[in-house]
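> quick one: sequence plus predicted model below, questions after.
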Amino acid sequence: MSLTKRVISAFLVLVMLFSVLYLGNQKKEEDKMAVFDNARTLHVWYTDEALTDYISSMAVKYNEEHGVRVIPTLQSGLELLQKINEASLTSEYYPDLYIASNDNMEKAYLAGLAMEISDEEGVVSLQNFPESAMHAVTYQQKILGYPFYYETSALLYNMTYLEELAKKEIQEEMHVTVEAADESEAENEEEQEDTSGEEQEETQDVTIISEEEMAELVHERVPSLIPTTFEALLEFADSYDAPQNVEAVFKWDVEDIFFNYFFAGNYMDIGGMCGDSKDSVDIYNEEAIRALMVYQDLSDYFAIDANNVEYDSVIQEFMEGKIVMTTATTDIIKKLDTAKENGEFVYDYGIAPIPRLNEQMDTKSLSVTNTVYINGYTQMKEEANDFAKYMVIQHAEDLYTATGKVPANKNIRYDNPNLDMFMDEYQDSAPMPKLMAISNFWVKMEIMFERIWNGEEVSKELKKLSEDIKTQLTGNVYEETYIKIEEEEEEFIDYSDD
C-alpha cells in the first residue's frame, strides 16, 4: 500500500474514533440532562429562623419518600411578597411555595402569588383543623393555603400559688392537717399521747390525711380558683393573701393589641367571618362601647403605665413569681418549659381561657394563622401542594418539639395539657382580617386602646376609629351617629396592690 493510501486510511480511522468519542460524550451529556430534568426541585421560602432545622428535616424526608428535592430558603420578613413577586417575574429561582401569615392573603392573591389549593382529598377541612383556621385560609370562598401553625392569647397563671391557696382553704374548711412524708402512724399516735390536755382538746377535731390525699383535693380545687370573668378576677385580687414576693395579682401589656383585642373582639366585625368583606365592618356599636368601658374600668384597679410595660418584661416578672396571672401567647409554653429545665423558673404554671368580661358579656381573642401558600407562578403545582400537605398533616406532630410553634392541626396530641388549652382558645378566636384597605387598622386600634386606658371617653374614641376605617374603605368621608351610654351604677371592688 502506498504512503498516501496509508495516510488516508489512518486519517479515516481517526475521524471514526473522534466520531465515536463525540457521540458517546454527547449521549452522556444527554443522559445527565435527563437525570437533571427528572430531579424535580421545589423551592420553599420562610421568614422565621426557628423553622430552619424543621423545614430542612422535612425536605430530607420528603426527598427520600417522594423523590422530590426541596430547597428551603430563609428570607427577611420585610416586604416578603414584594421579593416573591420580583423573583417570580425576573428569576429562575423563585419559591414554589412559601410561609406567611393569613392577613397577607388578599395582597398575595391579587398579585397572583397565591392560588386556590389543589386538595382533592379534603385535607384542609374541619376534620383536621378548627373553624378559625378554615376562616383564616379562606378568601372570597376559595381556600388559598394550608394552615400551618397559629398564635393567639390565653390566661397564664402561677399554678404553685393557686395550689398553695387551695391547700390553705381546704385545711381551714375541712379542719385537716397533712401527715409528714416520713411520719409513721405509730409516731403520730405517740406524739398525740404526749400532747397536753389543752392542746389535745383544741386539735381533737382535726383530721390527719396523707400528702397524696391532700394533693388530690388540691388538684380538684384549683380549677375553681381560676377566674372565669374579669369581675371574678377583681374579687380574687381583692381577697388574695399574696406571698411576699408578689407585686401584682394581674398584669399584662395594656398597649399591645394582641393582648387587648379580646376585650371588644366579640362585638366587632372586621370583614366578616373570613375577614375579606368590605361590606361587613361593624366597629362602633353599643356592645363594643360597653366592653371597652369594662377595659377602662380595669385601669382604676391595676396601676399599669401603658408607656412602661411590654410583653417581655411582664413575662420576666411572671417567671420571677412577682405576678400571679397575665395574658400570654403560645410561645410561652416552650419558654417556660425550657426555663424550668435550666433552673431559671421554679414554679409550676397553667393556661386557661381568657376570662369573660362578666356574666353577660364575652371575650374573643385575636389569632394569626401562619399559612403555607402555593405561588401562582410555580410550574410544579402538584408537587408544591403535596409537600404543603406533608408538612401540615403527616409530620405536624414534630413541629412543636422542633420549633415551639403550635400546629393548627387540631388532631395532634401533646404531653403538656396547656397546649390543648391554647387550641381551645384558638378554636373560638377571631382570625386576622385580610383587607388591604385597612392594613393600618391595628395601629389605629392600639392608639385608641391607649387613649381609653388613660381616661379618654370610650364612645368618642371608638367612633373616631370606626369613621377612619370606613372612610378608608369607601373613599368618602364617613360620619357615625354618636352613641351615648349611661354608665350603670355598679359595685366595683376597690382593689389596689396595697
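Thanks, I have it.

> could you list every helix and strand in contact with the helix or strand where residue 43 lies?
Assigned by DSSP states H and E, residue 43 falls within strand 41-46. Judged by 3 or more C-beta pairs under 8 Å, 6 or more residues apart in numbering; DSSP states H and E, the packing partners of strand 41-46 are helix 52-66, strand 69-74, strand 97-101, helix 381-389. In this view, the C-beta of every residue, glycine as well, is placed from N, C-alpha and C.

> out of those, the one nearest residue 305 is which?
Each of the helices and strands packed on strand 41-46 has some distance to residue 305 by C-beta to C-beta; the shortest is strand 97-101, at 30.0 Å.

> can you give me the buried ones in the very next helix or strand once past the closest one?
As assigned by DSSP H and E, the chain's next helix or strand after strand 97-101 is helix 105-110. Buried residues in helix 105-110, counting neighbours by 16 or more other C-beta atoms under 10 Å, are found at 105, 106, 107, 108, 109.

> before we move on, what about stretch 319-331?
319, 321, 322, 323, 324, 325, 326, 327, 328, 329, 330.

> ok so, going back, parallel or antiparallel, list what pairs with the strand holding residue 43.
In its sheet, strand 41-46 lies beside strand 69-74 (parallel), strand 97-101 (parallel), with partners assigned from DSSP bridges.

> distance to residue 484 for the ones you listed - can I get that in TSV?
Shown next, in TSV, are the strands paired with strand 41-46 (distance: least, C-beta to C-beta, whole Å):
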stretch	distance to residue 484
strand 69-74	53
strand 97-101	38
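
> let's have those strands in JSON lines, adding mean pLDDT, mean neighbour count and distance to residue 288.
Conversion of the strands paired with strand 41-46 to JSON lines gives the following (pLDDT from 0 to 100; neighbours: other C-beta atoms under 10 Å; distance: least, C-beta to C-beta, whole Å):
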{"stretch": "strand 69-74", "mean pLDDT": "97", "mean neighbour count": "16", "distance to residue 288": "40"}
{"stretch": "strand 97-101", "mean pLDDT": "98", "mean neighbour count": "24", "distance to residue 288": "25"}
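
> so which of these gets nearest residue 403?
Comparing the strands paired with strand 41-46 by C-beta to C-beta, strand 97-101 comes nearest, at 11.6 Å.

> tabulate the CA atom coordinates of the closest one in PDB.
The C-alpha trace of strand 97-101 is given here as PDB (Å, rounded to 0.1, in the frame of the first residue of the first chain):
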ATOM      1  CA  LEU A  97     -44.500  27.700  48.000                       C
ATOM      2  CA  TYR A  98     -43.900  29.900  51.000                       C
ATOM      3  CA  ILE A  99     -45.000  30.500  54.600                       C
ATOM      4  CA  ALA A 100     -46.700  33.800  55.600                       C
ATOM      5  CA  SER A 101     -49.400  34.900  57.900                       C
END
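
> who touches that strand?
42-48, 51, 80-81, 84, 108, 148, 368-375, 378, 384, 387-388, 432 (C-beta atoms under 8 Å, 6 or more residues apart in numbering).

> got it, and stretch 43-60?
Against stretch 43-60 from outside (C-beta under 8 Å, 6+ apart): 69-77, 80, 84, 93-100, 370, 387, 390-391, 395, 398-399, 402-405.

> for it, buried residues please.
43, 44, 45, 46, 47, 48, 51, 54, 55, 58, 59.

> give me the distance between the two termini of it.
The first and last residues of stretch 43-60 sit 13 Å apart, counting by C-alpha to C-alpha, to the nearest Å.

> residue closest to the middle of the protein?
Nearest residue to the geometric centre of the chain (C-alpha atoms, centre = their mean): residue 151, 1.4 Å.

> pLDDT on the helix or strand harbouring that residue, on average?
Assigned by DSSP H and E, residue 151 belongs to strand 146-158. Mean pLDDT, strand 146-158: 98.

> can you check stretch 323-335 too?
Summarised as a single mean, pLDDT over stretch 323-335 is 97.

> who are the contact partners of residue 338?
Residue 338 touches nothing, counting by C-beta under 8 Å, 6+ apart.

> doesn't it fall inside a helix?
Yes - assessed by DSSP: H, G, I helix; E, B strand; the rest coil, residue 338 belongs to a helix.

> if I look at the residue lying closest to residue 41 once chain neighbours are set aside, how far off is residue 221?
Using C-beta to C-beta, 6 or more residues apart in numbering and skipping residues adjacent in sequence, the residue nearest residue 41 is residue 69, 4.4 Å away. Residue 69 sits 56 Å away from residue 221, going by C-beta to C-beta, to the nearest Å.

> and what of residue 463?
45 Å.

> what comes up buried for stretch 432-450?
432-435, 438, 441-442, 444-446, 448-450.

> quick revisit: and of the buried residues of helix 105-110, the nearest to residue 172?
Once C-beta to C-beta is applied, the member of these that ends up nearest residue 172 is residue 105, at 55.1 Å.

> how confident was the prediction at residue 66?
For residue 66, the model assigns a pLDDT of 95.

> that one and residue 394 touch, don't they?
No - the pair residue 66 / residue 394 is not scored as a contact, 10.9 Å apart, by C-beta atoms under 8 Å.

> convert stretch 395-413 to CSV, retaining C-alpha atoms only.
Presented in CSV, the C-alpha positions along stretch 395-413 are these (Å, rounded to 0.1, in the frame of the first residue of the first chain):
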residue,chain,number,x,y,z
HIS,A,395,-45.4,15.4,60.3
ALA,A,396,-47.3,18.1,62.1
GLU,A,397,-46.7,16.3,65.4
ASP,A,398,-42.9,17.1,65.1
LEU,A,399,-43.4,20.9,64.7
TYR,A,400,-43.9,21.9,68.3
THR,A,401,-41.0,19.8,69.6
ALA,A,402,-38.6,21.1,66.9
THR,A,403,-39.7,24.8,66.9
GLY,A,404,-42.0,25.7,69.7
LYS,A,405,-44.6,26.6,67.2
VAL,A,406,-48.1,25.1,67.8
PRO,A,407,-49.6,23.4,64.8
ALA,A,408,-53.0,24.5,63.6
ASN,A,409,-53.8,20.8,63.1
LYS,A,410,-56.3,20.0,65.9
ASN,A,411,-55.6,16.3,65.9
ILE,A,412,-52.1,16.5,67.4
ARG,A,413,-51.9,15.1,71.0
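
> okay, how far is it across stretch 367-384, tip to tip?
26 Å.

> give the contact list for the closest residue in space to residue 299 that isn't next to it in sequence.
In space, and not counting its chain neighbours, residue 299 is closest to residue 453: 5.2 Å by C-beta to C-beta, 6+ apart. By C-beta under 8 Å, 6+ apart, residue 453 lies in contact with 254, 255, 295, 296, 299, 306.

> if you set the cut-off to 6 Å instead, what comes out?
254, 299, 306 (C-beta atoms under 6 Å, 6 or more residues apart in numbering).
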